[in-house]
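Peer 1: Any chance you could fold what I've pasted below:
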Amino acid sequence: MGSKCWLASVEKTADLTRGGNPVCPSCLSIMAQVEDKWPENITGRFFVDEQCIDCDLCRELAPDFFRRNDEQGYSYVYNQPESPEDIGDCQEALESCPVEAIGDLKEE
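Peer 2: Okay, the predicted model is just below:
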């Protein structure tokens, strides 16, 4: 039983994995995993998981929603978007993340 890939809206299956993480068959990249999200993430639609490499891109694209953990060097969601424009900013950050560390629970 597969679940819908929220990045490509295609079916993912158990044999499409990399290191045990689901992989999008369209882009062959590892997707953010809710069970691996950082504890600082505020409850809601968007989250950042442990794949984050602290590149700063999400914080540049959506600074009102992503913040840096300075001690350990990673980003997390500290504020959830509400308006369509703000959701668009977070979606842009998700789509731009070089390691697919940002997840969107709305699409699960």
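Peer 1: Domain-wise, how is this protein divided?
Peer 2: 1-31, 32-107 (automatic domain parsing).
Peer 1: Reformat these as CSV; add mean neighbour count.
Peer 2: In this view, the C-beta of every residue, glycine as well, is placed from N, C-alpha and C. Below are these laid out as CSV (neighbours: other CB atoms under 10 Å):
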stretch, mean neighbour count
domain 1-31, 13
domain 32-107, 17
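Peer 1: Redo the ones you listed as JSON lines? Include mean pLDDT.
Peer 2: Converted to JSON lines, these look like this (pLDDT from 0 to 100):
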{"stretch": "domain 1-31", "mean pLDDT": "48"}
{"stretch": "domain 32-107", "mean pLDDT": "96"}
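Peer 1: now the helices: where do they sit in this protein?
Peer 2: Assigned by DSSP state H, the helices in the chain fall at 57-61, 84-96.
Peer 1: helices and strands around the longest one, which ones?
Peer 2: Here helix 84-96 is seen to pack against helix 57-61, strand 102-104 when contacts are counted using 3 or more CB pairs under 8 Å, 6 or more residues apart in numbering; DSSP states H and E.
Peer 1: One more pass at 10 Å, please.
Peer 2: The elements that helix 84-96 packs onto, with contact taken as 3 or more CB pairs under 10 Å, 6 or more residues apart in numbering; DSSP states H and E, are strand 46-48, helix 57-61, strand 66-69, strand 74-77, strand 102-104.
Peer 1: So which of those is nearest residue 95?
Peer 2: Of all those, it is strand 102-104 that lies closest to residue 95, at 8.6 Å by CB to CB.
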